[in-house]
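*Asks:* Provided below for reference: sequence and predicted model.
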Amino acid sequence: MSTFFQKRPIAYSILILASLGIAASIVFMFWHLWIGVLFFIAISVASYFAVYAQKKSVEETERHIETLSYRMKKVGEEALLEMPIGILLINDQYTIEWANPYMTRELQFDSLIGEDLLTLSEELPILLKQEDVREMTISLADKKFKVFYKQEEKLLYFFDITEQVEMESMYYADRTVIGILFIDNYDELAQAMDDQTRSQTNSLVTSIVNNWGAEQGIFVKRISSDRFIAVLNESVLMELEKTKFALLDEIRETTAKLNVPLTLSIGVGASSESLVELGELAQSSLDLVLGRGGDQVAIKQPNGKVKFYGGKTNPVEKRTRVRARVISHALRDLIQDSDQVFVMGHKLPDMDAIGASIGVRKMAEMNQINGYVILDFQNLDPSVTRLMDEVKAKPELYNRFLSPDEAISQLTDRTLLVIVDTHKPSMVIDEKLLNRAEKVVVLDHHRRGEEFISSTMLVYMEPYASSTAELVTELLEYQPKHTKLTMLEATAMLAGIIVDTKSFTLRTGARTFEAASYLRTNGADTVLVQRLLKEDLETYVERSKIVQTVEFFREGIAIARGEEGKQYNQILIAQTADILLTMKDVSASFVVARRENGEVSISARSLGEINVQVMMERLGGGGHLTNAACQIENGTIEVTIEQLKQVILDTIEGGTSE
């Protein structure tokens, strides 16, 4: 009885109250017997019924708890066995020790017990082995599952997210995409057409683009003589990527048959819910394509990822000098508004970078502003070293060359820094100087890559040009004539043109010869150029040894390699690729060898039928359609060649991405 009251505080309280009542009854008996007796009887009856009611309540509560516990246990068993959630219990060897019926039914197994996880999915062991991964999405039995792993219990939970994934796919597939189509050289060709031919050409291009839009389910509207706007969704965009944007080939081939060689550039903005951002991405993509020479497609996403398709033709050379004159005048104003001008090319500068640098320094002098060429004197190739030996004999010119440290110490807020022959910040001689400069100008002839110098005041990039020295020569012609080019300055610039055109055999247009003629008129010495570009016998022998290793990977594609344990000068590697291109039946050449800094280098050349630029971009490099290169850290020659072969196959089949 005592235990009963101890476990039930309410009953214990009733007992205390009853005891007090009995004590009061005894007191009343001394005062009045019958009143005390009646009070005692009332207290006893009330206490009895209170204790009885409490006992019944406790018994009913216990019965309810027992029933509820049983039901909860049953529900737990039902949930474990019948709920649409897969559960697997595994051991240390990743063998299944128990699986709930739902999992067995979904995977259509008679029993999963004893099966290895690899039987279900090769991805599951990754989830168990990596400590930082506790969930992943996998495909099983034509369904998508989100898998959670409880390490201590060695339990795997599988949640069917097939419907969710399908809805996400539908959402992403239906997202809006905006494209801008631009006819690269329409204005230039239209100037030479009569009204009838122009009308026919307009009708032809509009018809091709509209038919393409109708076939693909794209809204296309011509908004100017050389521009279309296209609205589509991402599912259509994915189909266009599979066809590698065949519209480019159709426009090029159809117009070529009519002797009107038009090409198309397309900038696409995708993967954003904002129409404003899509429009900005499309325009940015188009700018990137035009900077790479046109006849391409660029697809840009908000995260900066860019995909490229096309780029099969050389950029068309401009026939007017209007842009060159405008840029020259703009550069003149920037120079005159500066206290000094620094000119810097790329690391390990070649003759084109040095020649262009000397030309820009001359522009500063023509505007009566001090100009200096930034040069790392410890890293020069032999031809540039021979040029610097000639420069040393001209103290007034040699004093205009500074090391990067000297330039940084002289840098002011009004200093103009001109970058030549590159547009990538990682490629300049001294990136610290670039980051500290307030006023930056870029002059380059390479196709624009995604990496680009930011916050520039002026950019002049013309992929059609043979060399940066050619561009600078044209700009010089519109500068004030306070001073004239010296023989050595003109010779250095001519040497840059000769090196990049391989003695006027590659990427050479009419304006290339005009620039060379201007330099020759100003005293450029062709004999001195040949002397600067001479090579020694040892270099010739080393190049011949690499040529002996050549193999043909595909028809017209030659690959040569250096010795694995040997280091080669980058110039020698590039020259070897040039030599291979002169061989019979070679339309593209690749030379893979280890550079003096330990990196594996690839120099790529082509005659224009194969775009080596996009191949090198896939491997982290860049350049021109016919002249490109890349460097790979921590790689071997053998592995690099295998990577190169795969990239060649992928590029021949179609698009490239960055």
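*Replies:* Thanks, I have the structure now.

*Asks:* give the contact list for residue 220.
*Replies:* 181, 209-210, 212-213, 228-230 (C-beta atoms under 8 Å, 6 or more residues apart in numbering). Where you see a C-beta, it was placed from the backbone N, CA and C, and this is true even at glycine.

*Asks:* of those, closest to residue 472?
*Replies:* residue 181 (33.2 Å; C-beta to C-beta).

*Asks:* now the closest one, what's its secondary structure?
*Replies:* strand (DSSP: H, G, I helix; E, B strand; the rest coil).

*Asks:* which of the contacts of residue 220 tops the neighbour count?
*Replies:* Greatest neighbour count in the contacts of residue 220, by other C-beta atoms under 10 Å, goes to residue 181: 26 neighbours.

*Asks:* picking that back up, among the contacts of residue 220, give me the pair with the biggest separation.
*Replies:* Most distant of those, by C-beta to C-beta, are 212 and 229, 13.9 Å apart.

*Asks:* and residue 219, how many neighbours does it have?
*Replies:* Residue 219 has 10 nearby residues by other C-beta under 10 Å.

*Asks:* What helix or strand is the nearest residue to it once chain neighbours are set aside located in?
*Replies:* In space, and not counting its chain neighbours, residue 219 is closest to residue 231: 4.5 Å by C-beta to C-beta, 6 or more residues apart in numbering. Element membership for residue 231, per DSSP states H and E: strand 227-233.

*Asks:* Can you tell me the strand partners of that strand and which way each runs?
*Replies:* strand 176-183 (antiparallel), strand 219-224 (antiparallel) (DSSP bridges).

*Asks:* Please export the C-alpha coordinates of that strand as PDB.
*Replies:* C-alpha atoms of strand 227-233 as PDB (Å, rounded to 0.1, in the frame of the first residue of the first chain):
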ATOM      1  CA  ARG A 227      22.100  41.900 -87.100                       C
ATOM      2  CA  PHE A 228      19.400  39.400 -85.900                       C
ATOM      3  CA  ILE A 229      17.900  38.700 -82.500                       C
ATOM      4  CA  ALA A 230      17.000  35.200 -81.600                       C
ATOM      5  CA  VAL A 231      14.900  33.900 -78.600                       C
ATOM      6  CA  LEU A 232      14.800  30.200 -77.800                       C
ATOM      7  CA  ASN A 233      14.900  27.900 -74.800                       C
END
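
*Asks:* got the contact list for that strand?
*Replies:* By C-beta under 8 Å, 6+ apart, the list of residues contacting strand 227-233 reads 173-183, 209, 213, 216-223, 266.

*Asks:* for residue 416, phi and psi?
*Replies:* Per-residue torsions, residue 416: phi -100, psi 120 (degrees, to the nearest 10).

*Asks:* show me the contacts for it.
*Replies:* Residues near residue 416 by C-beta under 8 Å, 6+ apart: 334-335, 337-338, 340-342, 439-441.

*Asks:* and the gap between it and residue 362?
*Replies:* 14 Å (C-beta to C-beta, to the nearest Å).

*Asks:* How about residue 639?
*Replies:* Distance from residue 639 to residue 362, by C-beta to C-beta: 46 Å.

*Asks:* higher neighbour count, these two?
*Replies:* residue 362 (24 against 11).

*Asks:* Now that one: closest residue in space, sequence neighbours ignored.
*Replies:* Computed as C-beta to C-beta, 6+ apart, the closest residue to residue 362 that is not its neighbour in sequence is residue 489, at 5.7 Å.

*Asks:* count of neighbours near that neighbour?
*Replies:* Residue 489 has 24 neighbours, counted by other C-beta under 10 Å.

*Asks:* Can I take it that it is in a helix?
*Replies:* Yes. Residue 489: assigned to a helix according to three-state DSSP.

*Asks:* Now residue 572: which helix or strand?
*Replies:* Element membership of residue 572, judged by DSSP H and E, is helix 570-581.

*Asks:* helices or strands up against the helix or strand just after that helix?
*Replies:* On the C-terminal side of helix 570-581, the closest following helix or strand by DSSP H and E is strand 588-595. Contacts defined by 3 or more C-beta pairs under 8 Å, 6 or more residues apart in numbering; DSSP states H and E place strand 588-595 against strand 557-561, strand 567-568, helix 570-581, strand 600-606, helix 637-653.

*Asks:* Average pLDDT for strand 588-595, rounded please.
*Replies:* Mean pLDDT, computed over strand 588-595, is 94.

*Asks:* one step back: among the contacts of residue 220, which one sits closest to residue 294?
*Replies:* Using C-beta to C-beta, residue 181 comes nearest to residue 294 of those, at 11.7 Å.

*Asks:* if I read this right, the closest one contacts residue 266, doesn't it?
*Replies:* Yes. In this structure, residue 181 is within contact of residue 266 by C-beta atoms under 8 Å, at 5.2 Å.

*Asks:* picking up where we left off before, save the contacts of residue 220 as a markdown table, and put in distance to residue 98 too.
*Replies:* A markdown table is the format used below for the contacts of residue 220 (distance: C-beta to C-beta, whole Å):
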| residue | distance to residue 98 |
| --- | --- |
| 181 | 60 |
| 209 | 62 |
| 210 | 63 |
| 212 | 58 |
| 213 | 57 |
| 228 | 62 |
| 229 | 60 |
| 230 | 56 |
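
*Asks:* looking at the protein, which helix or strand is least sure?
*Replies:* In the chain, no helix or strand scores lower on mean pLDDT, DSSP states H and E than strand 656-657, which sits at a mean of 42.

*Asks:* Count the neighbours of the spatially closest residue to residue 432 that is not a sequence neighbour for me.
*Replies:* Distances taken as C-beta to C-beta, 6+ apart put residue 408 closest to residue 432, at 6.6 Å, once the chain neighbours are dropped. Residue 408 has 16 neighbouring residues, counting by other C-beta under 10 Å.

*Asks:* so who does residue 408 touch?
*Replies:* 430, 432-433, 436.

*Asks:* can you tell me the helix or strand for it?
*Replies:* helix 404-410.

*Asks:* Only C-alpha atoms, please: export that helix in PDB.
*Replies:* C-alpha atoms of helix 404-410 as PDB (Å, rounded to 0.1, in the frame of the first residue of the first chain):
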ATOM      1  CA  PRO A 404      60.400  45.800 -64.300                       C
ATOM      2  CA  ASP A 405      61.700  46.900 -60.900                       C
ATOM      3  CA  GLU A 406      63.000  50.200 -62.300                       C
ATOM      4  CA  ALA A 407      59.600  50.700 -64.000                       C
ATOM      5  CA  ILE A 408      57.700  50.200 -60.700                       C
ATOM      6  CA  SER A 409      59.900  52.700 -58.900                       C
ATOM      7  CA  GLN A 410      59.100  55.300 -61.600                       C
END
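
*Asks:* Buried residues, that helix. List them.
*Replies:* Within helix 404-410, the residues that count as buried by 16 or more other C-beta atoms under 10 Å are 404, 407-408.

*Asks:* which one among the residues you listed gets closest to residue 548?
*Replies:* residue 404 (39.6 Å).

*Asks:* so the closest one sits right up against residue 431, yeah?
*Replies:* No. Judged on C-beta under 8 Å, residue 404 makes no contact with residue 431 at a distance of 9.5 Å.
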